[in-house]
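> fold the following.
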Amino acid sequence: MSYSRGGRRRFGRRSSSKKNTTGREGRLKRYTNSAQAVVAELPEVKIEHQFTDFALDDRLQKNIAQRGYEEPTPIQDQAIPELLAGKDVVGIANTGTGKTAAFLLPFIDKVLQDSDQGVLILAPTRELALQIRDEFVEFAKDLPIGVSVCIGGTSMDRQIKQLAQNPHFVIATPGRLIDLLKRRHFDPEMFTNIVLDEVDRMLDIGFRQDILFLISKLPRKRHAAFFSATSDSATDEIMRKLMDKPVKISVKQAETSHHVEQKALPVKIGQDKVEMLHDILIQGDVEKAIIFGRTKHGINKLERKLKERGFKVIAIHGNKSQGARQRALRTFKDGHVQALLATDVAARGIDIDDVSHVINYDEPQSYADYVHRIGRTGRAGKVGTAITFVE
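Purely as a prediction, here's the structure:
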């Protein structure tokens, strides 16, 4: 979109986690757990509104209706009215619960009421930023609202040109945004509305200092939304820096990992892990798998070996260009390959339906990484399977 707003002035990352040093038997036990019944453990949440009840611009309501939206999810039901009322909101909710629409709709409406408004949305990964952009485009169809996505792995020159057009919305990852700010192509003072999405993941991958730096550059008077799947001292620190007397909303349901059948496979000294993986992939129930490895080199090597054995697989990692990463995700999402091979950082923010299996070819560096990995399956009321190789 090329719409812009007036009045804008021109002008290390990942924290290391020590690998779990628990004995092998303890690790085998840690990665083994039976899935719980999904439906029985999710309490029914009463929905108070329909989308037509929200005081949104008629043009925006038309786009919502065209998408087939009628009844909001719990986080949308509770967050949208508070944001429309101008209140800061902290939303604690699982990934995949509709939180993107929960913050996009009120801020799109706000820009429609005042076209000088600027909205900054920070996301932990390129993939999540692009997913937010795609949803924005659907909601803002035919509306006079511009957007720019500022992420690594893509042309900075193009992003600089987009920012020069004063877009109403900027969706960005922290690292790239700081690069643009230091080069004086991004003026944070013009963004009085701020959304931090998946804050816990941003902290997981080492963005704490970047987030605090960006918050320090924002206008003191601001309207903020903060979404996270977890709440702890680290996320609370960011919340206190960002907000004043926020409305807190929690619709977090059972951990996704509860819906995953978790198995551990011991790897004996000298045993061929590729052969073990081969035996898993030929089983009929492994329809759509994500296979996690520790390093980019290891993922490339595994991709080559599996292709030699006739498997349809594709790899994604940090050395791939953003275009290559997006093509890999589309190929996997559309079912053209059986498995996506990924490193942890590349896989954060991936939201793909119907992943039947997560296979930890290499053990994760921490239990938090393990929970994140297996959260790619067992979603939307379904039971998934996680298999971890333990050497």
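> let me see the ranges of the strands in the stretch 251-391 of the chain.
Ranges of strands in the stretch 251-391 of the chain, per DSSP state E, counting those that start in this stretch, are 260-266, 289-292, 313-316, 339-342, 357-360, 384-390.
> list the helices and strands the strand or helix carrying residue 137 packs on?
Element membership for residue 137 (DSSP states H and E) is helix 126-139. Applying 3 or more C-beta pairs under 8 Å, 6 or more residues apart in numbering; DSSP states H and E, one finds that helix 126-139 contacts helix 58-66, helix 99-113, strand 147-150, strand 169-172, helix 322-333. From N, CA and C alone the C-beta is placed, and that goes for glycine too.
> and the angle from it to helix 322-333?
Between helix 126-139 and helix 322-333, the angle comes out at 80 degrees (axes from the mean of the first three to the mean of the last three C-alpha atoms, to 10 degrees).
> pull out the buried positions in helix 126-139.
Going by neighbour count (16 or more other C-beta atoms under 10 Å), the buried part of helix 126-139 is 126-133, 136, 139.
> quick one on the thing from earlier: any chance of the strands of the stretch 251-391 of the chain in a markdown table, plus distance to residue 65, mean pLDDT and mean neighbour count?
Output for these, formatted as a markdown table (distance: least, C-beta to C-beta, whole Å; pLDDT from 0 to 100; neighbours: other C-beta atoms under 10 Å):
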| stretch | distance to residue 65 | mean pLDDT | mean neighbour count |
| --- | --- | --- | --- |
| strand 260-266 | 36 | 90 | 19 |
| strand 289-292 | 35 | 95 | 25 |
| strand 313-316 | 35 | 93 | 24 |
| strand 339-342 | 34 | 94 | 26 |
| strand 357-360 | 36 | 95 | 25 |
| strand 384-390 | 33 | 92 | 22 |
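> could you dump the ones you listed into CSV and include distance to residue 165?
Shown next, in CSV, are these (distance: least, C-beta to C-beta, whole Å):
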stretch, distance to residue 165
strand 260-266, 45
strand 289-292, 37
strand 313-316, 31
strand 339-342, 34
strand 357-360, 41
strand 384-390, 43
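> do you know which of those lies nearest residue 164?
strand 313-316 (31.6 Å; C-beta to C-beta).
> which residues touch that closest one?
Applying C-beta atoms under 8 Å, 6 or more residues apart in numbering, the contact partners of strand 313-316 are 291, 299-300, 302-303, 306-307, 324-325, 328-329, 331-332, 337-343, 346-347.
> quick one: buried ones out of those residues?
291, 299-300, 302-303, 306, 325, 328-329, 331-332, 337-343, 346-347.
> ok, residue 365 - how many residues close by?
16 (other C-beta atoms under 10 Å).
> where does this protein dip in pLDDT?
Within the chain, the stretches with pLDDT under 70 are 1-22, 34-44, 252-258, 345-350, 380-381.
> out of the strands of the stretch 251-391 of the chain, which comes closest to residue 50?
For the strands of the stretch 251-391 of the chain, proximity to residue 50 was assessed by C-beta to C-beta; strand 384-390 is nearest, at 32.0 Å.
> quick one on the thing from earlier: mean neighbour count, the helices and strands packed on helix 126-139: which tops it?
strand 169-172 (a mean of 26; mean count of other C-beta atoms under 10 Å).
> can you give the distance of the helix or strand following that one from its chain's centre?
Once strand 169-172 ends, the next helix or strand along the chain (criterion: DSSP H and E) is helix 174-182. For helix 174-182, the distance from its own C-alpha centre to the chain's C-alpha centre is 19 Å (C-alpha atoms, centre = their mean, to the nearest Å).
> ok, now stretch 68-86?
20 Å.
> could you list the buried residues of it?
Judged by neighbour count using 16+ other C-beta under 10 Å, the buried positions of stretch 68-86 are 69, 72-84.
> residue 294 versus the spatially most distant residue from the centre of the chain, what's the distance?
Distance from the centre of the chain peaks at residue 270, with 37.6 Å (C-alpha atoms, centre = their mean). Residue 270 sits 20 Å away from residue 294, going by C-beta to C-beta, to the nearest Å.
> what is the burial count for residue 201?
Neighbours of residue 201 under the rule other C-beta under 10 Å: 20.
> apart from its neighbours in sequence, what residue is nearest it?
Closest residue to residue 201 in three dimensions, ignoring its sequence neighbours and counting by C-beta to C-beta, 6 or more residues apart in numbering: residue 124, at 4.2 Å.
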